[in-house]
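sequence and predicted structure, then a few things I'm wondering about:
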Amino acid sequence: MSAFSALLSRDLRLALRQSADSLTVIAFFAIATVLFPFGVGPEAEVLSRIAAGVVWVAALLAALLSLDRVFVVDFEDGTLDQLILNGQSTVLVVLAKVLAHWLTTGVPLIIMSPVLAVTLQLPSEGYGVLVLALLLGTPTVSLIGALGAALVLGARRGGVLLSLLVLPLYIPVLIFGTAAIEATITGMPSQPMLSILAGLALIAAALCPFATAAALRQAAE
Amino acid sequence: MHKFANPTQFMRIANAIYPWIAGLCLILFAAAIPIALVFSPPDYQQGETVRIMYIHVSSAWLMMMIYGIIAANSAMFLIWRHPMANLAARASAPMGATFCALALVTGMLWGQPMWGTFWVWDARLTSTLILFFLYIGYIALSDAFEDSERGDKAAAILALVGSINVPIIHYSVEWWNTLHQPSIMKASSEGIDSSVHPSLLLPLFLMMGAFTMFYFALLVLRLRSELLAAKIRNARLSQIAGHAAAQPAE
Amino acid sequence: MTRKRRRLYFVLLGLLALSGGLALVLTAFEDNIVLFFSPTEVAAKPVCAQRCRIGGLVANGSVVKEGERVSFDVTDTVETVSVKYVGILPDLFREGQGVVAEGKMTEGVFVANNVLAKHDENYMPPEVADALKKSGRWKEGEPVPAAVVH
Amino acid sequence: MVFAGLGFELAAGGAMVLRGPNGSGKTTLLRLMAGLARPVAGRLLWSNAPVEDPEALARRLRFIGHQDAIKTAFTVRENLAFWAAFWGTGEPALIDRAMDTFGLAALADFPARLLSAGQRHRLALARLIASPVPLWLLDEPANALDDRSTGALTNTIAEHRARGGMVVLASHGADLVTGGTTLALDNFTPTAAQQWVEL
Amino acid sequence: MAFDSFAAFIDMGGYAAWVWTSYGLAALALGGILILTRRTLKAREREFETLKANRRGTP
């Protein structure tokens, strides 16, 4: 476990020192969300109907922006080779990286989301479930995103390719994440949607780390 | 190693059966098209639009089968480093994407007159759209690297991860009560059970057979083509290596 | 820890997470994800004050057409909701047929801005359908017993 | 580019120098030995037993390649400390000794982004001392090093071998080892990646 | 035979646009991928032949 905790704390300290990177992602999240009232008009009725979806889409796009940094820096400076030669398992490396990405990107997005939802006139019943849905959904975003980032290491036009690979796989999270909030607002139970989000996170946690580890070893080969 | 791992031997078998597959494909099309368009009766509810079904269901069947073939070959390639398996997966992907697009488009052309809309965001349509994106991603990823082997392996990993979508597409209409009608074929203890009348089932089976044979015939041609590309690449590589070896040591 | 044992732990942990995830997703689907409300739900709860979808069968004898103006009842054999719609109906729309309407409840009437027709998985020529209906072995909207079709 | 028909052994305290022109596969061979790449055919043995557990092998070797794997936002000491913690080897005293050996002690608390190319390379090499393992795989280790540092590296390698350690290094420059075997890779026929070229 | 006349066949019970577009697109897609496949195959065969010839020319 020493490799896991060492890598996790290293990534967190790096994120803290280069906090501008994380802040850019949050700023993007805020700006992308705030664009919508200008695009669709400031009517509270229209905005509150699309608020849940807009927050989710903006969060996914913001997370996407942060993804290409997950492995690329380590890949380019040779750190990845040394990480693979950890003597334990590449899966551990992946898990530490994913957890670090979630803590530095997912959690700030979750914290920001209620603030942005206010600007979109989200009905007051929706805030709790918005945070809960993001809490259950963003780990999946990090897990799938890490896989995409590992697959495109060293590719031409890696950034565009990454969005092509990852965004379609985000669709289920987006559907149920928004549906959970919509359900609560319209007075329906959101519990089935939330348990699907949790289920998706577990399935992604079971499958993605292995595939990501394989992709990383391919990239190093 | 397995005898199919040897490309020369594999292609010898493939080339030998190619005329038979191609011939069968032509015969099936010759039978399927007139029966589907002229001789089969209309449906009691959907009228003549039921003829779209023959194309739509056949394309949908192929997009699923081809994805299964790609996933199986990707696994063989990653585990046993089977070069032929990789080529088969690479050769199949553009065909899978084509059939997937065809299934989506014919579905829209059928949905507009019957359901009243080109598109609904239900589970079947959404998961099929995701499959289409997976095909596109697979093709883009396998071509995105200077080192083609790296692209092959990355794409193979993507194909395996994406295979989780195939059962979702299949069961989506049963898990989810939506506009899309349930599967018309169900496997039961008494064999395959179908809610389609035989006069409509015959053109469907003929068309599915024709499409399937079309895929396999084209697969042989595309394999031949992929193998040639690999040989050309290797010939070039060994020329470069020959030049390097001719240079004096540093 | 040896390599084999470590791998075994990882795979076991993965399988555990996978089966847990699948169980969560599948039980949620058992709970019936609502894509549209049935007339019973509409009658019981004040849903559909905002946009929503209702689904059910078009009640027999309820369709009234005045040019593009249509009104009909959607039923799930227990409760019935009246629907008003202006526009072109899909070709599969007919009495006794499954239908999904998008819109919202206003003053006890569901005002639809889109009507979609759902149909079943039965395919057969019209003569066969007529014969089946005449012999009383089958009604539209019901699944056809396989033995009858073949 | 790969090679065919290659075989060698390395005993405790042994050293081997890989020599050959560009593109002859020195780096590839080192990466194969590290377990970063998989051979198409051929085996790797450790104590006469095939390596079935690449992770256990990885615990016994250190690979220093062209890329220095340095995080520029961290100080010199933090860089070393991270790898020592990550590999679960080494203790604080070793980190100090590593910095002393490669003349980095004065720079210990400087951010690595201020280092020159040579200093960065020395920092990469310092990992050999900070987290000790039996087998060192070094790819062109004398590149970008001045005479003093090259001397330090030569001494370090000698000490390592005296304690029974092993070194494999790719080099086309100065002699960093005394004794040891030399493997000239240009004697082996380069072949194209696939065996089934038919021309 | 499901149609009384050729005109009825073309009309497809009023659904001509949908049915014929579907079949047309299917023909286009299948034909297109067939032609593309054959074209690249022919091009690669030619390239391979020239490579072979060059190799024989310079032993």
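Perfect, I can see it now.

quick one, what contacts the residue of chain D found nearest chain C?
Among the residues of chain D, D:Asp53 lies closest to chain C, at 4.3 Å counting by C-beta to the nearest C-beta. C-betas here are computed from N, CA, C, even on glycine. For D:Asp53, the contact set (C-beta atoms under 8 Å, 6 or more residues apart in numbering or on different chains) comprises C:Thr2, C:Arg3.

could you report the pLDDT at it?
The model reports D:Asp53 with a pLDDT of 72.

any stretches of chain A with poor pLDDT?
Chain A contains residues with pLDDT under 70 at A:1.

measure how buried C:Ile88 is and give me the count.
Residues lying near C:Ile88 (other C-beta atoms under 10 Å in any protein chain shown) number 11.

same thing with the one 3 residues further on?
Neighbouring residues of C:Asp91 were enumerated by other C-beta under 10 Å; the total is 18.

equivalent analysis for the one 3 residues further on, please.
Summarising burial for C:Arg94: neighbours were counted as other C-beta under 10 Å, giving 15.

which one is residue 127 nearest to, not counting chain neighbours?
Answering for chain A, as no chain was given. Setting aside the residues directly before and after it, A:Tyr127 is nearest to A:Pro114 in space (C-beta to C-beta, 6 or more residues apart in numbering or on different chains), at 5.2 Å.

meant chain C actually
Spatial nearest neighbour of C:Glu127, excluding adjacent residues (C-beta to C-beta, 6+ apart): B:Pro41 at 7.5 Å.

quick one: B:Ala235 and E:Leu51 touch, right?
Yes - in this structure, B:Ala235 is within contact of E:Leu51 by C-beta atoms under 8 Å, at 5.2 Å.

the more surrounded of the two?
Each of B:Ala235 and E:Leu51 has its neighbours counted (other C-beta under 10 Å); B:Ala235 has more, 19 against 16.

quick check: mean pLDDT of the helix ranked longest in chain B?
Using DSSP state H to define each element, chain B has its longest helix at helix B:198-246. In this model, helix B:198-246 has a mean pLDDT of 84.

grab the nearest non-local neighbour of the residue most central in space within chain A.
Nearest to the geometric centre of chain A sits A:Val141, at 3.8 Å (C-alpha atoms, centre = their mean). Nearest non-adjacent residue to A:Val141, counting by C-beta to C-beta, 6+ apart: A:Ala63, 5.0 Å away.

correct me if wrong: the one you found contacts A:Thr138.
Yes - using C-beta under 8 Å, A:Ala63 makes contact with A:Thr138 at a distance of 7.2 Å.

and for the two, which residues touch both?
Both A:Ala63 and A:Thr138 are contacted by A:Thr105, A:Gly106, A:Leu109, under the criterion C-beta under 8 Å, 6+ apart.

between those residues, which is closest to chain C?
For these, with chain C as the reference and C-beta to the nearest C-beta as the criterion, the closest is A:Gly106, at 18.2 Å.

what residues are up against the closest one?
Neighbouring residues of A:Gly106 by C-beta under 8 Å, 6+ apart: A:Ala63, A:Leu134, A:Thr138, A:Pro139, A:Val141, A:Ser142.

and the second one, what helix or strand is that in?
What it means is A:Leu134. Per DSSP states H and E, A:Leu134 falls inside helix A:126-151.

okay, the angle between the helix or strand just after that helix and helix A:126-151?
Of the helices and strands lying after helix A:126-151 in sequence (DSSP H and E), the nearest is helix A:158-185. Following axes from the mean of the first three to the mean of the last three C-alpha atoms, to 10 degrees, one obtains 160 degrees for the angle between helix A:158-185 and helix A:126-151.

residue ranges with poor pLDDT in chain E?
Scanning chain E for pLDDT under 70 picks out the ranges E:1-2, E:56-59.

up against chain C, what does it have?
Within chain E, not a single residue sits near chain C (C-beta under 8 Å from any C-beta of the partner chain).

flag every buried residue along the longest helix seen in chain D.
Scanning chain D for the helix with the most residues, using DSSP H, yields helix D:147-162. For helix D:147-162, a neighbour-count test (16 or more other C-beta atoms under 10 Å in any protein chain shown) marks D:Ser149, D:Thr150, D:Ala152, D:Leu153, D:Thr154, D:Thr156, D:Ile157, D:His160, D:Arg161 as buried.

name the nearest of these relative to D:Ala112.
Nearest to D:Ala112 among those is D:Ser149, at 16.7 Å by C-beta to C-beta.

quick check: the closest one vs chain B, distance?
22 Å (C-beta to the nearest C-beta, to the nearest Å).

thought that residue was touching D:Ser116?
No - with contact defined as C-beta under 8 Å, D:Ser149 does not count as touching D:Ser116 (11.5 Å).

mind checking how far stretch B:143-155 is from the chain centre?
21 Å (C-alpha atoms, centre = their mean, to the nearest Å).

quick check, that stretch touching chain D?
Yes - among the residues of stretch B:143-155, B:Glu149 lie within reach of chain D under C-beta under 8 Å from any C-beta.

what's in contact with that stretch?
Under C-beta under 8 Å, 6+ apart, the answer for stretch B:143-155 is A:151-152, A:154-158, A:161, A:215, A:218-219, A:221, B:74, B:77-78, B:86, B:89-90, B:93, B:138-139, B:141-142, B:233, D:193.

that stretch: which residues count as buried?
For stretch B:143-155, the neighbour count (16+ other C-beta under 10 Å) marks B:Ala144, B:Phe145, B:Ser148, B:Arg150, B:Gly151, B:Asp152, B:Lys153, B:Ala154, B:Ala155 as buried.

same thing with stretch A:16-36?
Neighbour-count burial for stretch A:16-36 [16+ other C-beta under 10 Å]: A:Gln18, A:Asp21, A:Ser22, A:Val25, A:Ile26, A:Phe28, A:Phe29, A:Ala30, A:Ala32, A:Thr33, A:Phe36.
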